[in-house]
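**Student:** Below are the sequence and a predicted model; questions follow.
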Amino acid sequence: MKIATFNANSLRKRLPVVLNWLEQEKPDVLCLQETKVQDSEFPLLALAPSGYDITFRGMKSYNGVAILSRKKPEAVRAGLDDGDEPDEPRLLHAVIDGIPIVNTYIPQGFEIDSPKYAYKLEWYKRLRRYFETHLSPDRPAIWCGDMNVAPRPMDVHSPEKHLKHVCYHEDARKAYEAALAWGFQDVFVKLYPDRRQYTFWDYRAPGSLEANKGWRIDHILATATLAEKCVKADVDIEPRRRQDSSDHTFLWAEFAI
């Protein structure tokens, strides 16, 4: 099974990129984040030629998640499902071939002293409770998406300059690690612990891609029984080089199941 994740940063703008990648790479599942389209306007017809089953939840202009899969999901749920507000369209959970796949777009946080950063940290706590409620660490499960956290110094360029950045601040990394500790493993790190590889290069920094000044904030994680079966993982940089590209690119992992 080949699983991929991609922050599209407006799906309608990236339709050619997504359709081309699906045709070339043929993943079994593609998780999308930041689709930025409300459900009534989701581009189902444009994506129909791909042949993928499509599950989505979105809103106008912000957030939004979708899962494209070769097989129709056996079950789908959306949102953190804990009764707290706001429950934005940031989580989509589909069971495919018996494997729960949780696709998340974690809040970015804006600035350290802002309510949005506190919301980000709380969102991670809520997500940990979601795992405890709906999944089992002893059974196969996948968590993937844009986590808006670079976990290690090697996961961000010039880490010493980003200690107070909302995607590298100590508290954000601890919040991410606490959710991970529920029972997930980073399959890319498991396969390539010493490889420096980014998934995001900021539009606002001209030349960041060419200089490889990026961040590894998109992740694919699996419970132990499934992580052991991960045989390949990689980041496809070419879509980031395309005209009208997202500021993120595709991360994928292949499992021998």
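**Tutor:** Structure's in. What do you need?
**Student:** The residue positioned nearest the centre of the chain: what secondary structure?
**Tutor:** Geometric centre of the chain, nearest residue: Gly145, 0.9 Å, by Cα atoms, centre = their mean. Following DSSP: H, G, I helix; E, B strand; the rest coil, we place Gly145 in the strand state.
**Student:** you'd agree it is up against Pro107?
**Tutor:** No: using Cβ atoms under 8 Å, Gly145 is not in contact with Pro107; the gap is 11.9 Å. C-betas here are computed from N, CA, C, even on glycine.
**Student:** So which bits of stretch 122-136 are buried?
**Tutor:** 123-124, 126-128, 130-131, 135 (16 or more other Cβ atoms under 10 Å).
**Student:** Tell me where this structure has helices.
**Tutor:** Assigned by DSSP state H, the chain shows helices spanning 15-25, 44-47, 115-134, 170-180, 187-191, 224-227, 238-241.
**Student:** What separation is there between Phe110 and Lys120?
**Tutor:** Relative to Lys120, Phe110 is positioned 9 Å away (Cβ to Cβ, to the nearest Å).
**Student:** which residues do the two both contact?
**Tutor:** Common contacts of Phe110 and Lys120, defined by Cβ atoms under 8 Å, 6 or more residues apart in numbering, comprise Val166.
**Student:** Now for Leu22: which residues touch it?
**Tutor:** By Cβ under 8 Å, 6+ apart, the contact set of Leu22 is 30, 50, 52, 68.
**Student:** Could I get the pLDDT score of it?
**Tutor:** Here, the pLDDT recorded for Leu22 equals 98.
**Student:** What of Asp87?
**Tutor:** 84.
**Student:** wouldn't it be in contact with Arg77 here?
**Tutor:** No: contact criterion Cβ under 8 Å: Asp87 and Arg77 do not qualify, at 11.7 Å.
**Student:** the strands in this protein, which residues?
**Tutor:** For the chain, applying DSSP state E gives strands covering 2-7, 29-33, 53-57, 65-69, 75-78, 91-96, 99-105, 142-146, 184-186, 218-223, 230-236, 250-255.
**Student:** of all those strands, which lies closest to Arg196?
**Tutor:** strand 230-236 (10.9 Å; Cβ to Cβ).
**Student:** Run through who's touching that closest one.
**Tutor:** For strand 230-236, contacts defined as Cβ under 8 Å, 6+ apart pick out 21, 25, 187-188, 190-192, 197-199, 220, 222, 249-256.
**Student:** Next: stretch 92-99.
**Tutor:** Defining contact as Cβ under 8 Å, 6+ apart, one finds that stretch 92-99 is touched by 1, 28-29, 31, 55-57, 65-67, 69, 71, 73-78, 100-103, 134, 140-142, 226, 257.
**Student:** among these, which ones are buried?
**Tutor:** Neighbour counting over those (16+ other Cβ under 10 Å) leaves 1, 28-29, 31, 55-57, 65-67, 69, 73, 77-78, 100-103, 140-142, 226 as the buried ones.
**Student:** In the stretch 1-150 of the chain, where is pLDDT below threshold?
**Tutor:** When residues are selected by pLDDT under 70, none of them lie in the stretch 1-150 of the chain.
**Student:** ok, back up a step: including distance to Ala178, could the buried residues of stretch 122-136 go into a markdown table?
**Tutor:** A markdown table is the format used below for the buried residues of stretch 122-136 (distance: Cβ to Cβ, whole Å):
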| residue | distance to Ala178 |
| --- | --- |
| Trp123 | 12 |
| Tyr124 | 7 |
| Arg126 | 12 |
| Leu127 | 10 |
| Arg128 | 6 |
| Tyr130 | 13 |
| Phe131 | 11 |
| Leu135 | 15 |
